[in-house]
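In: next comes the sequence, and after it the predicted model I'd like to discuss.
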Amino acid sequence: MSNAKKHYDFIVIGAGAAGCLTAGRLVRDHGARVLLVEAGARDRNPLIHMPAGFVKLLTNRDYMTFHRSAEHAHLNGRQPSIPQGKVLGGGSSVNAMVYIRGQARDYDDWVSLTGDESWRYERLLPHFVRLEGNTTFNNAAHGVSGPLKVSDGANLSDVSRAFVLAAQQTGLPFNADFNSGSQMGTGFYQTTTFRGRRCSGVDAFLAPVMDDSRLEIRTGTTVTRILIEGNTATGIEVQSGSQREQIKGGQVILTAGALVTPKLLMLSGIGPQKELARLNIPMKVDLPGVGENLQDHHEVPVVAFCNGRYGYFNQDRGWNQIRNGLQYLAFHNGPVASNAVEAGAFFNPDDASGAPSIQMFCLPTVYLDPDVTSTRATYGFTLNSCVMRPKSRGRVSLQTADPNATPIVYPNYLQHPDDLRLSIAGLRRAERIMRAGPLADIVERIVLPDESALGAETAASDEALAEHCRRTVKTVYHPAGTARMGADHDPMAVLHNDLTVRGIQGLRVFDTSSWPTIISGNTVATTYAVADRGVSLMMGETLPGEPTQRDSVAESPPVMQVL
Ligand SMILES: Cc1cc2nc3c(=O)[nH]c(=O)nc-3n(C[C@H](O)[C@H](O)[C@H](O)COP(=O)(O)OP(=O)(O)OC[C@H]3O[C@@H](n4cnc5c(N)ncnc54)[C@H](O)[C@@H]3O)c2cc1C
């Protein structure tokens, strides 16, 4: 049937984390007719579903878009790349599955920036809880019956265990649950997995409605712009191969991720007037904030070689590969069930009892950006320190008006002196952990950065570590903030606080672009919570945690008693 004859209530652009939740909820809870358009392919590759498999996909152009950034003069001309998922499920199909919700103060910042109390953590908590199917924790902070499965790591390597023990020796308390309200300490990450398999946005939110005739999913189809008549979004233009086509629909929801959503807004005439004029794109609304405010978590590594066969080096080769593969097929555990980022820590180098400002990831392998080639492949591990609330701000702009061109991405890592200072503090903490038992027992030597710079606390060693940061800083794959919501008087706000686009009817943004600031920790849990709230607001649902009309009637005392 031709699409010209079909009617969709909603068109969702991009089947990533936010897109899957949005489309799934609209069909399941509202019986809506939804078209979900995804540039990437179906998620049929088995590597997507076995947790360790994503490591193999990170360099695969069939499943990832590599957003190579512009040259950064302050990073010695480096052009850090930000790879993003390009497949059904988007980031949720290729990510490391670490489940973290951030800190309550992150959302307090959102309230300050938007002037809207409903973005406070307490008000988002019911969304996190109702989406979650935790297999370990069952309390006020966690849900157990939601579709997004969250489990303890199915395999913990010797390196991860030694890391958590060593981190405690440096004074960090063991934290059994980083999402209970306090992140401080060290422990093992919970993951969006179930019985040794990834639980992506597709598994959690699309699978239950996959056979519903009201849902149409078009993969391998790239949205080139949003159609706007007057000041109303009326549909989209798409491209499959060399074919372009226009599709009309009731309302349009943008969930193409923080690097593409601003690009599509600009290609549709929504963005900074000067930028649109430069590319001869007819302007619909002048919104100077589109593409600005890019925030991304970044990390810097300390790498150690091991004095024995520790960690996951070589586990994907030869006999190891056969044994691990068979173990996984038979029992859904072993190294293939590992998400590769099993353990970590949260701490504040400026104030030991203050809110954590750094998240550390322990990787039981040597893992660096492709342009950092100063180590060889061997048994070893990497401690990455990530600044959780970076102060640097970057931007996304258009190279050309050609929708097939990737946007110019400028993450601007380490531009703010505080981000560099905290990154250096993270390196020093990583070294202390590597020198503490029992991790110290398996370290042959620290190979990156220079050991002497790590040990000394002098201006010269600070500069040596700063240089290491500039040379190795890499993305944690969490871009956000490029079409942010904000208060009415805020000229840089792109969205109203209900996630509708300013000046255009029938157009919303539910992905990480909408966040005013990035949250403290991995981003997918919050992506789902925000999109869930977006659907609730759009559909006029009673928001979870708030009284329904029926509840308030039931709660009022019976009339007879009052009389
Ligand atoms: C390698 C990697 C590791 C990560 N690890 C973790 C982790 O361990 N824990 C965690 O919490 N978070 C992690 N993240 C981040 C998390 O996955 C993202 O924050 C989340 O997926 C963002 O969701 P989104 O809906 O905003 O965008 P995405 O999930 O990126 O979805 C955007 C979708 O839109 C599609 N699209 C883009 N342009 C178009 C177009 N023009 N037309 C049609 N479709 C289009 C894309 O192909 C993609 O499928 C990781 C991300 C990556 C890439």
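Out: Alright, I've got the coordinates.

In: residues from the stretch 351-500 of the chain in reach of the ligand?
Out: Residues of the stretch 351-500 of the chain found near the ligand (CB under 6 Å from any ligand atom) are 477-478. For the C-beta atoms, the positions are set from N, CA and C on the backbone; glycine is no exception.

In: and the stretch 101-250 of the chain, by the same measure?
Out: 222-223.

In: helix or strand for the closest residue to the ligand within the stretch 101-250 of the chain, which one?
Out: Residue of the stretch 101-250 of the chain nearest the ligand, by CB to the nearest ligand atom: V223 (3.7 Å). Per DSSP states H and E, V223 falls inside strand 222-229.

In: list the buried residues of the longest helix seen in the chain.
Out: Criterion DSSP state H: the longest helix present in the chain is helix 417-434. Using 16 or more other CB atoms under 10 Å as the test for burial, helix 417-434 gives 419-431, 433-434.

In: ditto for stretch 226-244
Out: 226-228, 233-239.

In: and what of stretch 193-206?
Out: 193-194, 196-206.

In: now stretch 97-115
Out: Neighbour-count burial for stretch 97-115 flags 97-104, 106-107, 109-111, 113-114 (criterion: 16+ other CB under 10 Å).

In: list the contacts of G143.
Out: Counting by CB atoms under 8 Å, 6 or more residues apart in numbering, G143 makes contact with 128-134.

In: kindly recompute the last result at 6 Å.
Out: Going by CB atoms under 6 Å, 6 or more residues apart in numbering, G143 touches 129-130, 132.

In: out of these, who has the most neighbours?
Out: E132 (27 neighbours; other CB atoms under 10 Å).

In: that one bridge partners, please.
Out: L148 (DSSP bridges).

In: quick check: it vs R508, distance?
Out: Look at E132 and R508: by CB to CB, to the nearest Å, they are 24 Å apart.

In: which members of the buried residues of stretch 226-244 occur in strands, if any?
Out: 226-228, 233-239 (DSSP state E).

In: how about the residues you listed in TSV, adding pLDDT?
Out: Shown next, in TSV, are those (pLDDT from 0 to 100):
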residue	pLDDT
I226	98
L227	98
I228	97
A233	98
T234	97
G235	98
I236	98
E237	98
V238	98
Q239	96
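
In: thinking again about what came up before, nearest to A176, out of the buried residues of helix 417-434: which one, please.
Out: Nearest to A176 out of those is I433 (CB to CB; 18.8 Å).

In: beta partners of T475?
Out: H298.

In: give me the distance between it and D369.
Out: For T475, the distance to D369 equals 8 Å [CB to CB].

In: neighbour count: those two, which is higher?
Out: Ranked by neighbour count (other CB under 10 Å), T475 and D369 place T475 first, with 22 against 16.

In: these two touch, right, the more buried one and I82?
Out: Yes - counting by CB atoms under 6 Å, I82 is a contact partner of T475 at 4.7 Å.

In: tell me how far N384 lies from A436.
Out: Relative to A436, N384 is positioned 18 Å away (CB to CB).

In: which one of those two has more residues nearby?
Out: Using other CB under 10 Å, the more surrounded residue of N384 and A436 is N384, with 25 against 19.

In: how about the more buried one, phi and psi?
Out: With angles defined as degrees, to the nearest 10, N384 shows backbone torsions of phi -100, psi 130.

In: and if you look at P126?
Out: Here is the backbone geometry of P126 (degrees, to the nearest 10): phi -60, psi -30.

In: in this model T542 seems to touch it, though I could be wrong.
Out: No - applying CB under 6 Å as the test, P126 and T542 come out as separate, 10.8 Å apart.

In: low pLDDT regions in the protein?
Out: Where the chain drops to pLDDT under 70, the residues are 1-5, 373-374, 545, 547-563.

In: re the thing from before, partners of the strand holding V223 in the sheet?
Out: Strand 222-229 sits in its sheet next to strand 232-240 (antiparallel), going by DSSP bridges.
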